[in-house]
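Undergrad: Got a predicted structure plus its sequence, pasted below:
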2 protein chains.
Amino acid sequence: MKPYRDMTPEERRHEYAAVKAHYDELRSLNLKLDMSRGKPGRDQLDKVSDILTVLTRDDCLTADGDMRNYGVLAGVPEARRLWADILGCRYEETFVGGNSSLQLMYDLIAKAWAFGLSHSEKPWCREEGLKWLCPVPGYDRHFAVTQLFGIEMIPVKMTPEGPDMDAVEELIKDPKVKGMWTVPKYSNPDGIIYSANVIERIAEMKPAAPDFVLMWDNAYVIHEFDGDYVPFPDILSLCRAAGNPDMVYEFASTSKVTLPGSGIACMATSEDNQKYLQKLIGIQIISYNKVNQLRHAKYLQNKEHALEIMKRHAAVLKPRFETVLNALEKEIRPAGIGRWATPKGGYFVSLYTDPGLAKRTVALTKEAGVVLTGAGATYPYGKDPDDSNIRIAPSLPPISELEQAMDVLCTALKLAALEQLNA
Amino acid sequence: MKPYRDMTPEERRHEYAAVKAHYDELRSLNLKLDMSRGKPGRDQLDKVSDILTVLTRDDCLTADGDMRNYGVLAGVPEARRLWADILGCRYEETFVGGNSSLQLMYDLIAKAWAFGLSHSEKPWCREEGLKWLCPVPGYDRHFAVTQLFGIEMIPVKMTPEGPDMDAVEELIKDPKVKGMWTVPKYSNPDGIIYSANVIERIAEMKPAAPDFVLMWDNAYVIHEFDGDYVPFPDILSLCRAAGNPDMVYEFASTSKVTLPGSGIACMATSEDNQKYLQKLIGIQIISYNKVNQLRHAKYLQNKEHALEIMKRHAAVLKPRFETVLNALEKEIRPAGIGRWATPKGGYFVSLYTDPGLAKRTVALTKEAGVVLTGAGATYPYGKDPDDSNIRIAPSLPPISELEQAMDVLCTALKLAALEQLNA
């Protein structure tokens, strides 16, 4: 096959007829497949469901008291040690919350909104025109939070090393810029690991806003599915060394280590920030689910053992990603209508179609029974300026379904490309 | 013994010497006892710790899908049915959250603050001079939430039937009055069950604020420790019948049914409110811990079975309350320096000392190694105008410790009373 743009009109009409016929055939199958979200597959969950019954009564009576009762706001020490080990930060910098890191992130911004953070001059709801940096493409649920609070989101281009730091360093001179979203390891959706140089420049930022918030969502900190664990620097140490100890809030959870939404989440930040925040958090809740924290500490033990458990996930995920990548290689590469990188961790393949094709491709895919993340979802306000990025989540469907789903997606993209070229 | 106020000065000096000697003796024991919070005792927790291992992998695969994965924001249907059964409300009105009803309450007010509620003209942070009704004595953690948001708290006297509704009906004519805290069954701390008449008048309130919030914290809805379950009306139906369907938000949790802080919490409110709120909640969290929700649904089954389990708690709690009440009866009644009611459910004995004695009593008690809830804590801003109310929480200490602790408390109160009378 030749690249579509090199075909003669005649060749393209021919190709269109063939692709359309295949699309109609796929559509007639009445498929119901889902590649929209980074949900682990059932086979992954089966490999860690022994956690459900691992904790017994006696485990709850620890050196620190009866963890079945109220109290211990910052989380059980066993779980805090686990997170300090995984993230590489200090024990004192950890706070273990409920089941959701997103909720911890939302809550931090909600607290900034209502009361201000440790370096705020006033609550954010008393300021006008707040802005936020959003490396793009990025995570739609992040963007939804800042949008909800009416904070203007400014896209910053991602490079293969992380956010464009020249742009970031310029933008943070504006004191209205209050923060930045990041997913520094296996970024959502590109699967990029921020380079040491980018991370250093991030830690050394000198934002004009005294209460600028670096949201360091380390969602995939131990989430390699291909190859060994990739060591990653501790952003808290780097920020401290750069004289920015209170700028960064790091988040992580076990949602893709044990069971999604039934795990434990962590917020790591400076001791001063912890002191400030825990005073507020203590008014909102007496303590988080410490039994589940202990259950996870017993099951995961430490970073080393958690990495062992992550290999169980990798064994399931790697063939799934290969299925997606092989399909793209076989169907899209020759047509020359898209590009993508090959991630070694995280939960997504980030496909860039030729400009102007993403929306149409996702719509065609949906018509044929396959749900993808909405086109544009990876950009603030859902606006992908190139209408190009499609986030593929290979983890949920079994391989056989994934093959079908990718057949649909590739066929839809080809159809969209041919429609555009023939128009 | 005669009532202190009927004693001659000579008799009082004599009594003081005896009481002081006993107090000094108690203080020399270097006790470390805690009657400060409504924490269940270890023997209670042991009776329900079989919940820890009750849920297995297969239980998680329900008719609604794989509950080990993300999704199902409003909670697993099994847990929603359980709460509808316990509260007597409709299934559609239930939302099952995380481990803490306090967090759901805080979150509701935080959302009103940042975004407004379904009937708000604007977010509360854009209004000035907001006020809130606080039946007193009440729950210090409620008051801490409204205080944090800078909402002016207006105390409303409790009567033996519930809040003074004449006062409430007058106060809600002010459109700045945005809500009211209540603990309608076994109120914290008085242990009062609101009467049918008071509940009806509450449901029929016509507040001037269109977004007035009735916070119905049904914390002790099935928490009888003495005698049979006392049926209690469904406030949601009553508010609906009175044309106030969206005024009420009901809260409850299993924190004193299974394990404190490791259970599940519920918010019940009208379907319209649910629709409005879930749109916002869906931005803050993908789903709550559904595995723990299922675990609780399997363990508690339904209201009837939950009431059976509550009898295990009652068997432990009743003797503890009797210990407290017997001590008061024996030591305080004859001295005529305090009064109290005899609750049949909930977690507290609410002691009213003669005016001006509570702070001194709690301080003396603390000096002798027994921690009580701070005097005044049951009033907004910690200000008990009579310096009279002391909340006693009998649940945590074993009986032997409780006897000692009550000895300390009664001795401290007598000492405080004699100091005052001799002054």
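TA: Thanks, I have the structure now.
Undergrad: What pLDDT is listed against the residue lying closest to A:Pro155 once chain neighbours are set aside?
TA: What sits nearest to A:Pro155 in space, not counting adjacent residues and going by C-beta to C-beta, 6 or more residues apart in numbering or on different chains, is A:Val136, at 4.3 Å. Any C-beta I mention is one placed from the backbone N, CA and C, and that applies to glycine too. Looking at A:Val136, its pLDDT stands at 98.
Undergrad: ok, now A:Ile264?
TA: Note on A:Ile264: pLDDT of 98.
Undergrad: again with A:Asn422
TA: A:Asn422 carries a pLDDT value of 87.
Undergrad: what are the ranges of the strands in the stretch 251-400 of chain A?
TA: Along the stretch 251-400 of chain A, the stretches classed as strands by DSSP state E, counting those that start in this stretch are A:265-268, A:338-340, A:349-353, A:370-372, A:389-392.
Undergrad: what would those look like in a markdown table with distance to B:Ala219 and mean neighbour count?
TA: Below are these laid out as a markdown table (distance: least, C-beta to C-beta, whole Å; neighbours: other C-beta atoms under 10 Å in any protein chain shown):
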| stretch | distance to B:Ala219 | mean neighbour count |
| --- | --- | --- |
| strand A:265-268 | 26 | 27 |
| strand A:338-340 | 53 | 19 |
| strand A:349-353 | 48 | 23 |
| strand A:370-372 | 41 | 23 |
| strand A:389-392 | 43 | 26 |
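Undergrad: thinking again about what came up before, can you count the residues close to the residue nearest to A:Pro155?
TA: Number of residues near A:Val136 (other C-beta atoms under 10 Å in any protein chain shown) recorded here: 22.
Undergrad: same question, A:Lys279
TA: Neighbours of A:Lys279 using other C-beta under 10 Å come to 12.
Undergrad: Please determine how far it is located from chain B.
TA: With distances taken as C-beta to the nearest C-beta, to the nearest Å, A:Lys279 is found 10 Å from chain B.
Undergrad: And A:Ile285, by the same measure?
TA: Here the criterion is C-beta to the nearest C-beta. By it, A:Ile285 lies 4 Å from chain B.
Undergrad: try A:Gly71
TA: To chain B, A:Gly71 is 8 Å away according to C-beta to the nearest C-beta.
Undergrad: who touches that residue in this structure?
TA: Counting by C-beta atoms under 8 Å, 6 or more residues apart in numbering or on different chains, A:Gly71 touches A:Gly65, A:Ile286, A:Ser287, B:Lys39, B:Gly261.
Undergrad: Pipe these into TSV and attach distance to B:Asn197 and pLDDT per row.
TA: Below are these laid out as TSV (distance: C-beta to C-beta, whole Å; pLDDT from 0 to 100):
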residue	distance to B:Asn197	pLDDT
A:Gly65	44	95
A:Ile286	33	97
A:Ser287	38	97
B:Lys39	34	95
B:Gly261	36	96
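Undergrad: Would you mind listing where chain A has pLDDT under the threshold?
TA: Nowhere does chain A drop to pLDDT under 70.
Undergrad: now the angle between strand A:349-353 and the top strand by length along chain A, please.
TA: Longest strand of chain A, by residue count under DSSP state E: strand A:152-159. With axes from the mean of the first three to the mean of the last three C-alpha atoms, to 10 degrees applied, the angle from strand A:152-159 to strand A:349-353 works out at 90 degrees.
Undergrad: Would you enumerate the residues in contact with A:Lys344?
TA: Neighbouring residues of A:Lys344 by C-beta under 8 Å, 6+ apart: A:Tyr186, A:Gly191, A:Glu224, A:Phe225, A:Asp226, A:Gly227, A:Val230.
Undergrad: What's the ChimeraX line that selects buried ones from those residues?
TA: In ChimeraX, this line selects whichever of these come out buried by 16 or more other C-beta atoms under 10 Å in any protein chain shown:
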select /A:186,191,224,225
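Undergrad: Keep only the contacts of A:Lys344 that also lie close to chain B.
TA: For chain B, no contacts are drawn from these by C-beta under 8 Å from any C-beta of the partner chain.
Undergrad: And for A:Tyr299, the neighbour number?
TA: Counted with other C-beta under 10 Å, A:Tyr299 comes out at 21.
Undergrad: right, and it touches A:Thr258 too?
TA: Yes - A:Tyr299 is in contact with A:Thr258 according to C-beta atoms under 8 Å; the separation is 6.7 Å.
Undergrad: residues shared between the contacts of those two?
TA: With C-beta under 8 Å, 6+ apart as the test, A:Tyr299 and A:Thr258 both reach A:Val48, A:Ile51, A:Ile309.
Undergrad: where exactly do the helices run in the stretch 251-400 of chain A?
TA: A:271-284, A:290-300, A:303-327, A:358-367, A:399-422 (DSSP state H, counting those that start in this stretch).
Undergrad: Give me whichever of those is most buried.
TA: Neighbour counts (mean count of other C-beta atoms under 10 Å in any protein chain shown) averaged over each of these peak at helix A:290-300, with a mean of 26.
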